[in-house]
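Asks: Just the structure for this:
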Amino acid sequence: MMQGLSRNLRRATRRARRKRATELNIVSMIDILTVLVFFLLVNALGVSILGVNLPSSDSSPPQQQPKDLKVIVRPDSLTVADSSGAVKEFPSTGNAYDLKGLGELLSQIKDREPSEDKITLLLDPTVTYDALVQVMDTVRVQPGTPGHPQRDLFPQIGMGDAPKLNGAAPAGAKP
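Replies: A predicted model of the protein is given here:
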């Protein structure tokens, strides 16, 4: 078959044949795998990756309004408030907050409203990170004592900025 062709033409034909044999077109394979991976990720994880809990269509609206419990953390005080207004204020002593008093008050509120598990911390911009962590630990869990196990108080914590005080200069402002 190749006897009638010149040597250069035979070489060129062999090279072309080898080149065609080594080229694989995997673009369509990559397209299929991309769609397959996307499909598997969406179906394996579902909507739960967003952490959105939507009510079902047959559920009834809640019977009572939530308490909308808040702890306002300022450098000079801790204020516990709910939807009706301020409940109690704990002035800070020196550089420390009255976390024990805060924990006792929140424990009493939890005893009255056992189904309530949400609280919002409203922070002044000058509050230190250490104070934030201590307040979060206090509102989240009541420590266990001999005879009383540890219990969750308000494990679902939201955070925000504390409202500005009326007539007061903002923190860090120079007169």
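Asks: hang on, Pro163 is in a strand, isn't it?
Replies: No: with DSSP: H, G, I helix; E, B strand; the rest coil as the criterion, Pro163 is coil rather than part of a strand.
Asks: average pLDDT for the strand or helix carrying Phe39?
Replies: Element membership of Phe39, judged by DSSP states H and E, is helix 27-45. Regarding helix 27-45, the rounded mean pLDDT is 84.
Asks: Mind giving me the packing neighbours of the following helix or strand past it?
Replies: Sequence-wise, the next helix or strand downstream of helix 27-45 (DSSP H and E) is strand 70-74. Other helices and strands packing on strand 70-74, by 3 or more C-beta pairs under 8 Å, 6 or more residues apart in numbering; DSSP states H and E, are strand 77-82, strand 118-123, helix 129-140. Bear in mind the C-beta positions are built from the backbone N, C-alpha and C, glycine included.
Asks: Adding distance to Lys110, write the ones you listed out as TSV.
Replies: Formatted as TSV, the helices and strands packed on strand 70-74 follow (distance: least, C-beta to C-beta, whole Å):
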stretch	distance to Lys110
strand 77-82	12
strand 118-123	10
helix 129-140	10
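Asks: quick one: which of these is nearest Leu36?
Replies: Across those, the minimum distance to Leu36, taken as C-beta to C-beta, is reached by strand 118-123, at 40.5 Å.
Asks: In that closest one, which residues are buried?
Replies: 119-123 (16 or more other C-beta atoms under 10 Å).
Asks: how about the residues you listed in JSON lines, adding pLDDT and distance to Lys19?
Replies: Output for the buried residues of strand 118-123, formatted as JSON lines (pLDDT from 0 to 100; distance: C-beta to C-beta, whole Å):
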{"residue": "Ile119", "pLDDT": "87", "distance to Lys19": "70"}
{"residue": "Thr120", "pLDDT": "87", "distance to Lys19": "68"}
{"residue": "Leu121", "pLDDT": "87", "distance to Lys19": "68"}
{"residue": "Leu122", "pLDDT": "89", "distance to Lys19": "70"}
{"residue": "Leu123", "pLDDT": "89", "distance to Lys19": "68"}
